[in-house]
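**Student:** Got a predicted structure here, sequence first:
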Amino acid sequence: MKIVFTAEYAGDLQAFRQLGELVVDGWAIGKPKFTPQQLIALAHDADVIVTSYDNVTAEVIAACPQLKVIACTRANPVNIDTAAAKARGIKVLFTPGRNADAAAELTFGLMLALVRHIPQAHAALKRGDFTRDAQQEQQTSAGLKRDVVWDVTPESPYEVFKGSELRNKTLGLIGYGNIGRRVARIARAFGMAILVVDPFVAAEEINEPGLQKTTLDALFREADIVSLHLSSGAHSDGLVNAALLGSMKPGALLINTSRAAVVVEADLIDALRKGPLGGAALDVYHQEPLWRDHPFVSELENVIITPHIAGATRESIEKHTAMIAADLQRFVAGEPLLYQWK
């Protein structure tokens, strides 16, 4: 069996070598993403393609007559023509949940950054704001203990960056899958109450003290922070619109580490400019990369932005490498596949 491996990976790939001839190329060794023609030249006689970002199109599939398995090391094989693969009887593997911990942790990092104004405080000090021209020892009056304080004025960082605590706040989660459940677990450790909207999860699986399933309208009305954890599709694209954003509490916050398409971007920008939204933290965008004069970059100070890095951890790569290796071993052994795209 010939395996063409162009995916990001961790480890020595010995599990793949044990399955047959292994050709490692492309992104796996630091090259740019392959064009379909380049992929065909490499994989025309392959039994298996393992990729992260290369587009496995109908043209590629047709040019690889021996192909039996296409493995995509992502939570959604968006770069695979799954219909063309299915028509040929080719198995498509993917890695659901491989970056769930990473995305949940970034979500909470963004949440803390929003409520405590961490990026703004960091940037201010890096610019030299609130700093002295030179080192200077602070004097302490006789009879008093040394007081460690930055400044005591209305313009001090203590006042400028004064934020809120997460304890006793209400977090609204839209989507209660691998990532949403992990965010809920972390939020409960912070003492937050949690509301959930997910049409695919029954209330009986969710409801317990401090954690309740609710309606979309109620969640947006009642939550102090709303975090999005749902996939893009006909059921969800454009879900978060002006009506929902306008129903939020004054100063409420929105976090999106899932898919940009679930939010109407123009409505979000309007709500950030005029209220009631107090701020947002975003890791995904309708067009990526963002351009320099986009309002999220050039205008809106109440937005924290990161460049689609929710899943970018070394541990995520280790997980997806192990998941694909294990499912290929099952394929060779004729066992049921655990990560087959249906």
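**Tutor:** Right, received. Where do you want to start?

**Student:** Give me the number of neighbouring residues for residue 285.
**Tutor:** Here the neighbour count serves as a burial measure; for residue 285 (other CB atoms under 10 Å) it reads 18. Every C-beta, even on glycine, is put in place using the N, C-alpha and C of the backbone.

**Student:** So that it lines up with my notes, have the first residue be 48 from now on.
**Tutor:** Got it, the first residue is 48 from now on, which makes the last one we talked about residue 332.

**Student:** In contact with the nearest residue to residue 274 once chain neighbours are set aside: list those residues for me.
**Tutor:** Spatial nearest neighbour of residue 274, chain neighbours left out: residue 302 (4.3 Å); criterion: CB to CB, 6 or more residues apart in numbering. Taking CB atoms under 8 Å, 6 or more residues apart in numbering as the definition of contact, the neighbours of residue 302 are 154, 157-158, 161, 272-275, 327-329.

**Student:** hmm, 7 Å instead?
**Tutor:** Counting by CB atoms under 7 Å, 6 or more residues apart in numbering, residue 302 makes contact with 154, 157-158, 272, 274-275, 328.

**Student:** need the strands for the stretch 48-197 of the chain, in chain order.
**Tutor:** Counting by DSSP state E, counting those that start in this stretch, the stretch 48-197 of the chain forms strands over residues 49-52, 68-71, 95-98, 116-119, 138-140, given from the N-terminal end onward.

**Student:** returning to that earlier point: which strand or helix spans the residue nearest to residue 274?
**Tutor:** With elements taken from DSSP states H and E, the one containing residue 302 is strand 300-303.

**Student:** Give the pairing partners of that strand; include direction for each.
**Tutor:** Paired with strand 300-303 in the same sheet, following DSSP bridges, are strand 272-275 (parallel), strand 326-329 (parallel).

**Student:** Give me the helices and strands touching the next helix-or-strand element following it, please.
**Tutor:** Per DSSP H and E, the first helix or strand lying C-terminal to strand 300-303 is helix 312-321. Applying 3 or more CB pairs under 7 Å, 6 or more residues apart in numbering; DSSP states H and E, we find helix 312-321 packed against helix 289-293.

**Student:** could you dump the helix it packs on to PDB, C-alpha only?
**Tutor:** These are the backbone C-alpha positions of helix 289-293, laid out as PDB (Å, rounded to 0.1, in the frame of the first residue of the first chain):
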ATOM      1  CA  ALA A 289     -29.200  42.600  14.200                       C
ATOM      2  CA  ALA A 290     -32.300  41.400  16.000                       C
ATOM      3  CA  LEU A 291     -30.400  39.100  18.300                       C
ATOM      4  CA  LEU A 292     -27.500  41.500  18.900                       C
ATOM      5  CA  GLY A 293     -29.900  44.300  19.600                       C
END
